[in-house]
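*Asks:* what's the 3D shape of this:
(one chain, ligands or ions: 1)
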Amino acid sequence: MTELPPPLPADDARIQAALTDTLRLAAVRETGLLDSIAEESFDRLTRLASTITGAPVTFISLLDAHRDFYKSTFGMGEPLSTLRQLTGRTFCHYSMVSDGPLVLEDATQLPVFRDVPTVASLGVRAYAGIPLKTEAGEVLGSFCAVDFKAKQWTEKDIEILVELAHSTMREIRLRRALRDAEVLNQQLVEQIQKVDALNLALNELARTDPLTGLRNRRAFDDSLELELAVVERTQSPLSLLMLDVDHFKQINDNFGHEAGDKVLRSIAQVLSGCVRIIDIVARVGGEEFAVILPHTDAQGAHEVAQRMRVAVAQAGWLSQPTTISIGAASLRDAESACSLFARADAALYAAKKSGRNRVVTA
Ligand SMILES: Nc1nc2c(ncn2[C@@H]2O[C@H](COP(=O)(O)OP(=O)(O)OP(=O)(O)O)[C@@H](O)[C@H]2O)c(=O)[nH]1
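*Replies:* Below you'll find the predicted structure:
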């Protein structure tokens, strides 16, 4: 490389303008590498550069507005290897504004370059820096090799450094693509979570009676099957109440459909207020309700049913009392949900037949 003329140092104003150029700085920050820790994928490249060129020190610099950040250093030794950033004018600044590789055999012999602080402070004499250029033409920093004695860089040395600078840029692009993919992935996860939440809400809606907010018939059927499965394991008692509002047609006829709706909502509240948290209250028909009472025998079920009947009768929502009839049935050995439901319903029918506003146990 001795036949190359010594490079002309760029003037300070040009370097300063390039250092603080907003597009270039944005590109540097976009790498996401500033202040990041050392990584093998970059260290491998600086190590290789030293091995092949024989330069004792190699490094990858990223030029922020007011400091050089070293993403990877090789051969600097302690404590220099922990010095991951430099301030003041550096060779990399000249490399940034040089059109191609900046190759200096002996900085101490060259005007301006000899005044670069690291010449005096660290004893740097030879420098070869390959600008790290984005596809848009922004220079992020340099891939550099340094020697502490004058060095005649061979063409092969420079070719290798140029190749490794390309590899560094590929690594930077790859990291960027990975980050973008991670962001996309995160967005996808969030979308899936939203859809899941919506599905959950929809499912809940499909199982809820819109008028009273209680479980609807479908949810009731599922709950009864589930509770029966529990009973099969635990052998605990379980009872079912079927409730029907007495003469509800008259309520609608006398006070209007809206008043009828209001009564249904109020009954739902009263029934819910009469049970434990594990009990399940559902609206299973127009003016029909059902209550599943886990861990409750016939006597317990009768007590709950009476409590509900009295609470509704005493409510006084309308100028005439509202009453309910209740059929109660307790699960028999190996009985199906269907059979239990039919027996409770038959008991309800008996309560209606025998005068209403009463509880009949199957
Ligand atoms: N307001 C209102 N009325 C309803 C709703 N669903 C059913 N109904 C009414 O409830 C009434 C039920 O009447 P019937 O089945 O004859 O029974 P009932 O009048 O309560 O008489 P018994 O059950 O024999 O005491 C009908 O008039 C239905 O229109 C509802 O969501 N809102």
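
*Asks:* quick one: end-to-end distance for stretch 22-41.
*Replies:* 28 Å (CA to CA, to the nearest Å).

*Asks:* can you check stretch 95-114 too?
*Replies:* With CA to CA as the measure, the ends of stretch 95-114 fall 15 Å from one another.

*Asks:* taking the mean pLDDT, what do you get for it?
*Replies:* Here the mean pLDDT over stretch 95-114 is 94, rounded to a whole number.

*Asks:* so where do the helices sit in the stretch 251-362 of the chain?
*Replies:* Taking DSSP state H, counting those that start in this stretch as the criterion, the stretch 251-362 of the chain carries its helices at 257-273, 298-313, 337-353.

*Asks:* using PDB, write down the CA coordinates of the second one.
*Replies:* If I follow you right, that is helix 298-313. Written as PDB, here are the backbone C-alpha positions of helix 298-313 (Å, rounded to 0.1, in the frame of the first residue of the first chain):
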ATOM      1  CA  ALA A 298     -83.800 -32.000  51.000                       C
ATOM      2  CA  GLN A 299     -84.300 -30.200  54.300                       C
ATOM      3  CA  GLY A 300     -81.800 -27.600  53.400                       C
ATOM      4  CA  ALA A 301     -83.300 -27.100  50.000                       C
ATOM      5  CA  HIS A 302     -86.800 -26.700  51.600                       C
ATOM      6  CA  GLU A 303     -85.500 -24.000  54.000                       C
ATOM      7  CA  VAL A 304     -83.900 -22.000  51.100                       C
ATOM      8  CA  ALA A 305     -87.000 -22.300  49.000                       C
ATOM      9  CA  GLN A 306     -89.200 -21.100  51.900                       C
ATOM     10  CA  ARG A 307     -86.800 -18.200  52.500                       C
ATOM     11  CA  MET A 308     -87.100 -17.200  48.800                       C
ATOM     12  CA  ARG A 309     -90.900 -17.600  48.700                       C
ATOM     13  CA  VAL A 310     -91.300 -15.400  51.800                       C
ATOM     14  CA  ALA A 311     -88.800 -12.800  50.500                       C
ATOM     15  CA  VAL A 312     -90.700 -12.400  47.200                       C
ATOM     16  CA  ALA A 313     -94.100 -12.300  48.800                       C
END
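
*Asks:* tell me if that helix is near the ligand.
*Replies:* No: if you take CB under 6 Å from any ligand atom as the test, helix 298-313 misses the ligand, and the best it gets is 13.0 Å. In this view, the C-beta of every residue, glycine as well, is placed from N, C-alpha and C.

*Asks:* who touches that helix?
*Replies:* By CB atoms under 8 Å, 6 or more residues apart in numbering, the surrounding residues in contact with helix 298-313 are 237, 239-241, 243, 267, 270-271, 273-275, 279, 291, 293, 296, 321-324, 326, 328-330, 357-359, 361.

*Asks:* these, buried ones only, as a ChimeraX selection?
*Replies:* To isolate the buried ones among those in ChimeraX, judged by 16 or more other CB atoms under 10 Å, type:
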select :237,239,240,241,243,267,270,271,274,275,279,291,293,296,322,323,324,326,328,329,330,357,358,359,361
